[in-house]
Structures are given as C-alpha cells and as structure tokens.
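> All I have is the shape, not the residue letters:
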C-alpha cells in the first residue's frame with residue numbers, strides 16, 4: 001500500500017473514515033459517481049471560500065448562508081448527517097442527488113457566491129474539514 005497523501009488520505013480498515021494528523025473524519029460516500037462527487041467538492045470549496053469572504057467583510061448574513069452551503073455539500077457527500085453506511089442504496093443516491101440539485105440551483109441563482117441567501121441547515125458547530 002502506498003503512503004497516504006493529501007489527495008489520498010489514510011482510511012480506517014472499514015473505509016468509513018479518513019485519518020488526518022491522527023484525527024478521524026467521516027469519509028465521502030464511495031458510491032457517489034466521481035463526476036458528481038467532484039461537483040459536490042467544487043461546491044464545498046466555493047462555500048468555504050464564501051465563509052472566508054463573509055468573515056473578512058464581517059457579513060453575518062453571508063456567513064450564515066455560506067455555512068449552510070458547506071453543510072449541504074458535506075451532507076450530500078455523506079460526511080455529515082446520517083452515516084452513509086446506514087442508508088439504503090436508494091437513500092444514499094437520493095441524498096447526494098438532492099444535495100447536488102440544491103447546490104446547483106443555489107449557485108445558479110447567484111446566492112452561491114456569498115451574496116446572502118440564508119439557505120437551510122446549520123453547521124451545528126462542526127468543523128469544516
């Protein structure tokens with residue numbers, strides 16, 4: 001087995017978690033098709049940039065909206081919410097498809113760029129890793 005890298009981190013034996021600097025984080029659902037997973041990661045990174053921009057501007061409305069998009073992307077990826085390994089294949093597919101559809105719509109409306117849509121969901125104090 002090759003040494004873990006940033007783009008291919010170490011996984012636990014069951015594949016449910018990645019290990020980064022000794023800390024476990026829930027792994028992305030491996031059943032998400034790569035093209036869809038890449039789009040979800042793109043939305044996630046854009047949302048994280050939105051959080052940073054809102055913090056720099058001290059814009060609490062935009063920050064809340066961006067954090068909601070981070071949460072939505074992480075749930076769609078299976079990294080938050082009900083564990084993907086406890087969901088049926090149908091529920092797993094619905095989770096990532098619904099999340100991607102919502103993120104695409106949010107991005108298309110312009111609010112995906114940190115302009116202040118409140119969105120739904122919350123960060124629940126969880127780290128954005």
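On my side now, so go ahead. Values in this document were obtained by computation on a predicted structure and should not be read as measured data.
> Please make it C-alpha for all contacts and neighbour counts, starting now.
Noted.
> Mind telling me what element the residue nearest to residue 55 when sequence neighbours are not counted is part of?
Spatially, and ignoring its direct neighbours in sequence, residue 55 is nearest to residue 63 (6.5 Å; C-alpha to C-alpha, 6 or more residues apart in numbering). Here residue 63, judged by DSSP states H and E, is contained in helix 60-77.
> which strands and helices sit next to that helix?
When contacts are defined as 3 or more C-alpha pairs under 8 Å, 6 or more residues apart in numbering; DSSP states H and E, helix 60-77 packs onto helix 34-57, helix 89-108.
> quick one: which of those is nearest residue 68?
helix 34-57 (8.4 Å; C-alpha to C-alpha).
> Check which helices and strands that closest one sits against.
helix 60-77, helix 89-108.
> Among these, show me which one is buried the most.
helix 60-77 (a mean of 26; mean count of other C-alpha atoms under 10 Å).
> Who's the closest spatial neighbour of the residue nearest to the spatial centre of the chain, skipping the chain neighbours?
Nearest to the mean C-alpha position of the chain, by C-alpha atoms, centre = their mean, lies residue 74 at 2.2 Å. Nearest residue to residue 74 in three dimensions, chain neighbours excluded: residue 80, at 5.6 Å (C-alpha to C-alpha, 6+ apart).
> The one you found - that's part of a helix, no?
No - secondary structure of residue 80 (DSSP: H, G, I helix; E, B strand; the rest coil): coil, not part of a helix.
> Residue 26 is in contact with that one, correct?
Yes - taking contacts as C-alpha atoms under 8 Å, residue 80 lies within contact range of residue 26: 7.5 Å.
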